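> Structure of the sequence below:
(chains A, B and C)
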Amino acid sequence: MPRARLRRATSCNVRRQRRTSLPSTTSYNERPPRTVGPFGCWSVHPPASLAMSCRAVPGCAVSCCGTHRSGCCDLSFSSKVRSDEVNHKRLQFARGFASRSCRRRHHLLPVHMQLACKRLHFIVTSWDGSHRQRRRYMMSTVTAQQVADLVGVSLSTVSRALSAPDLVSPATLVRVQAAVRQLGYHPNRAASTLATGRTTSIGLVVPDLENPYFASVAKGVQSRAWSTGYTVMVADSDEDPVREAEVVKKLSRQVDGVVLCSPRSTDAVVRDLASRVRLVLLNRQVDDLPSVSVDNAATVRTAVEHLRALGHRRIAYAGGPQASWVDLRRREGLQHCSEAFQDVEIIDLGHFRPHYTGGIAAADLALASNATAVLAYNDLLALGLIGQVRQRGFGVPQRLSVIGFDGLAIGALFTPTLTSVGVAHARLGSLAVSALLEDLSSGPGGFLQHQTPFELLVRESTAEPLER
DNA sequence: AGCTCGTTTCGGGGAAGTCA
DNA sequence: TGACTTCCCCGAAACGAGCT
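Predicted structure coming up:
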């Protein structure tokens, strides 16, 4: 029988070969080994060692990809060989290859051929194996066991070389690292999580991703997490306490800990969530749970002092969501201010959505209240308020001075530029991650409530009130 | 109920080194 | 040379969810 002509195993040829050789009506277990499709590539000049093996079964040939190191291989056959013969010869060849070439010459083959050899051996040994085994084989993942086999050490030594290299001899370490590079091994994160109970991921839950404040905080969280080898899963609760709790519960199974930013849930719910997953609160304090926040009473006092120094005596407050802990602390701060400064009257305008639209809603109330200055819950609300006041034909700060909270960069882009009480958002996020990692490493109680500094950014939206 | 997947980790064994 | 210590590595158990 003439030697088979090597045929390039392109996806087109693979499909054609499957069509001609695989009976479509047979069950899976009756099908021949799928030795063509998954392997893909071949070289025009197969190495001598493999060419010799090919002679063992006339009418077929094996080829291995010379460029890819993942063990690409292919079996191809002369077009004159009938499909049932093909199937028989495939199995015959694979058995011969696995039993002779693999055992006798395995150590002489290049790495990618050793892998091809192992795959052929797998085809033979798992011929009657479970579907799961076949699926695994089809997926062709490189495992730590394959690295261990190649190096000639145990699986645990490979694991230690990768996770605790100082516990392995330098010579073994070099060999393991070389094998990892050769095979293109990447640890399976799911398996690692299964074994350690650690995911090396943290969750970040924010009320509103559209708010640039939370985007800046997320940036800080991401930056700090990345530098410590963690990845971040971000979720948006859409200002909804129910969704917030659900999101944290779902995340708790996929992450090591959660940074819960400006939570809208009640203290009881937050405590319940903290019993399920390691939690660090941002802009919130609950009992002894670790948290990073700003001294909200102090921020309000700073803003009021600034307005009072300008001559304002009627100051309105456009608050945020009713469920906001920050809003509650600010109101307490305002209460202290009204007690401390007898000549200042604080007017509560109510609760508003912490958005530009919330500011629009608050504007008319602010004008009607006859206040000369407004403290807005956040910068977005303040910008909405300024826009609507100007829409009504009044000037800012001539008619109304406005102060926001957050110190967003966009506040400096509007006209007039926005005076705001700012904090370093990225630092806030970074501190929250540090607190979480400390909590994870040292156990609860290592890092308690931390407060970050703030500063008043005086811009154009505040000025002395006009005499009316 | 028992097996599968891939990985980590603990306890222990063996080889090599050190010292009397 | 024998006792002891240290280093390196191995085997086995465990992890959780899905599947048989």
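> so what's the residue nearest to residue A:327 when sequence neighbours are not counted scoring on pLDDT?
Distances taken as CB to CB, 6 or more residues apart in numbering put residue A:320 closest to residue A:327, at 4.3 Å, once the chain neighbours are dropped. In short, each C-beta sits where N, CA and C put it, glycine included. Residue A:320 is assigned a predicted lDDT (pLDDT) of 95.
> Now do the strands in chain A.
With DSSP state E, the ranges of strands along chain A come out as A:60-64, A:73-77, A:201-206, A:231-236, A:257-261, A:278-282, A:291-294, A:314-319, A:345-351, A:373-376, A:401-406, A:419-423, A:449-452, A:454-457.
> how close does residue A:297 get to DNA strand B?
To DNA strand B, residue A:297 is 44 Å away according to CB to the nearest atom of the strand, to the nearest Å.
> Also residue A:259?
Using CB to the nearest atom of the strand, residue A:259 is found at 23 Å from DNA strand B.
> Of all the residues in the stretch 251-400 of chain A, which one is nearest DNA strand C?
residue A:253 (5.9 Å; CB to the nearest atom of the strand).
> how many neighbours does the nearest residue to residue A:451 once chain neighbours are set aside have?
Of all residues not flanking residue A:451 in the chain, residue A:295 sits nearest, at 5.3 Å (CB to CB, 6+ apart). For residue A:295, the count of nearby residues is 15 (other CB atoms under 10 Å).
> correct me, but residue A:295 touches residue A:449?
No - using CB atoms under 8 Å, residue A:295 is not in contact with residue A:449; the gap is 10.7 Å.
> I'd like to know how many residues surround residue A:166.
Counted with other CB under 10 Å, residues neighbouring residue A:166 total 8.
> ditto for residue A:155
14.
> what's the answer for residue A:203, then?
26.
> returning to what we had before: and the pLDDT at the residue nearest to residue A:451?
Confidence at residue A:295, expressed as pLDDT, is 94.
> ok, now which ones touch residue A:168?
Contacts for residue A:168 (CB atoms under 8 Å, 6 or more residues apart in numbering) come out as A:157, A:160, A:161, A:176.
> The second one against residue A:167, yeah?
Looking back up the chat, that one is residue A:160. Yes - contact criterion CB under 8 Å: residue A:160 and residue A:167 qualify, at 5.2 Å.
> who's more crowded, those two?
Taking neighbours as other CB under 10 Å, residue A:160 and residue A:167 compare with residue A:160 leading, 18 against 10.
> Please report how far that one lies from residue A:321.
Distance check for residue A:160 against residue A:321: by CB to CB, to the nearest Å, it reads 51 Å.
> for residue A:402, same thing?
According to CB to CB, residue A:402 stands 20 Å off from residue A:321.
> got it, and residue A:225?
27 Å.
> For those two, work out which one has more neighbours and name it.
Using other CB under 10 Å as the criterion, residue A:225 and residue A:321 rank with residue A:225 on top: 24 against 19.
> Quick check: residues of the stretch 251-400 of chain A near DNA strand C?
When proximity is defined as CB under 7 Å from any atom of the strand, the stretch 251-400 of chain A approaches DNA strand C at residue A:253.
> can you map out the helices along the stretch 251-400 of chain A?
In the stretch 251-400 of chain A, the helices defined using DSSP state H, counting those that start in this stretch lie at A:267-276, A:296-310, A:325-340, A:356-368, A:379-391.
> got the contact list for the nearest residue to residue A:234 once chain neighbours are set aside?
With sequence-adjacent residues excluded and distances taken as CB to CB, 6+ apart, residue A:234 is closest to residue A:204, at 4.8 Å. Shown in contact with residue A:204 (CB under 8 Å, 6+ apart): A:218, A:221, A:222, A:232, A:233, A:234, A:235, A:258, A:259, A:261, A:429.
> Now distance to residue A:351 too, for those residues, in JSON lines please.
Output for those, formatted as JSON lines (distance: CB to CB, whole Å):
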{"residue": "A:218", "distance to residue A:351": "25"}
{"residue": "A:221", "distance to residue A:351": "27"}
{"residue": "A:222", "distance to residue A:351": "31"}
{"residue": "A:232", "distance to residue A:351": "31"}
{"residue": "A:233", "distance to residue A:351": "30"}
{"residue": "A:234", "distance to residue A:351": "26"}
{"residue": "A:235", "distance to residue A:351": "24"}
{"residue": "A:258", "distance to residue A:351": "26"}
{"residue": "A:259", "distance to residue A:351": "25"}
{"residue": "A:261", "distance to residue A:351": "20"}
{"residue": "A:429", "distance to residue A:351": "26"}
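> And chain A, what are its domain boundaries?
Here the domain parsing of chain A from automatic domain parsing is A:11-140, A:149-187, A:197-286, A:296-426+A:453-457.
> Which of these has the lowest mean pLDDT?
Across the domains of chain A, the lowest-scoring stretch is domain A:11-140, with a mean of 34.
> follow-up on the earlier one: quick check: beta-bridge partners of the residue nearest to residue A:234?
residue A:234, residue A:259 (DSSP bridges).
> how far away is it from residue A:143?
Going from residue A:204 to residue A:143 by CB to CB gives 32 Å.
> before we move on, what about residue A:402?
Applying CB to CB to residue A:402 and residue A:143 gives a distance of 61 Å.
> For the spatially closest residue to residue A:150 that is not a sequence neighbour, the count of nearby residues, please.
In space, and not counting its chain neighbours, residue A:150 is closest to residue A:179: 4.6 Å by CB to CB, 6+ apart. When counting by other CB under 10 Å, one arrives at 23 neighbours for residue A:179.
> next one: residue A:280
29.
> so it sits right up against residue A:293, yeah?
No - at 10.7 Å, residue A:280 does not count as touching residue A:293 under the criterion of CB under 8 Å.
> I'd assumed residue A:419 was in contact with residue A:458.
Yes - using CB under 8 Å, residue A:458 is in contact with residue A:419, at 5.4 Å.
> joint contacts of those two?
By the contact definition CB under 8 Å, 6+ apart, residue A:458 and residue A:419 are jointly contacted by residue A:306.
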